[in-house]
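Chemist: What follows is a protein structure lacking sequence information:
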């Protein structure tokens, strides 16, 4: 398959260049679609330019729009973190460690007859002590 070490090294270098181009392509394409200041036509033209003229397209994109790539990536990360925090709050509901919510739950159990007054007083004193 390989005649000498030179052809192996050349094939290895070609593979490295292909892999590097592929990674840069995904990086640039994700930034193009993440960008809110580009319209549909602008995104389409950039995608076509990056795919049709691969290395030159990526280099020109980095020169023209590279200054805002990190800002767009940080903005997306902040939005994802805020969405995750909102989801966790919605799933967790009110804090079970809150003394007033524990007393309120115990009062509901007392009113329904599930616990006695002595048990309610015990739960209330534990909640207030914590």
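Modeler: Sure thing, it's come through. Nothing here was measured: the structure is a model prediction, and the numbers come from that model. Numbering: from 1, shown residues only.

Chemist: how does the protein divide into domains?
Modeler: Per automatic domain parsing, the structural domains of the chain span 1-93, 94-130.

Chemist: mean pLDDT for those: which is lowest?
Modeler: When the domains of the chain are compared on average pLDDT, domain 94-130 comes out lowest at a mean of 83.

Chemist: returning to what we had before: could you dump the domains of the chain into JSON lines with mean neighbour count added?
Modeler: Heads up, the C-betas are built off the backbone N, CA and C, glycines and all. What follows is the domains of the chain, written out as JSON lines (neighbours: other Cβ atoms under 10 Å):
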{"stretch": "domain 1-93", "mean neighbour count": "12"}
{"stretch": "domain 94-130", "mean neighbour count": "13"}
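
Chemist: who's in contact with the residue most central in space within the chain?
Modeler: The chain has residue 80 as the residue nearest its centroid, 4.4 Å off, counting by Cα atoms, centre = their mean. Taking Cβ atoms under 8 Å, 6 or more residues apart in numbering, we find residue 80 in contact with no residue.

Chemist: And the top helix by length along the chain, what does it pack against?
Modeler: Longest helix of the chain, by residue count under DSSP state H: helix 5-34. When contacts are defined as 3 or more Cβ pairs under 8 Å, 6 or more residues apart in numbering; DSSP states H and E, helix 5-34 packs onto helix 40-52, helix 54-65, helix 69-92.

Chemist: Contacts for the first one, please.
Modeler: Judged by Cβ under 8 Å, 6+ apart, the contacts made with helix 40-52 from elsewhere in the structure are 25, 28-29, 32-33, 35, 38, 57-58, 60-61.
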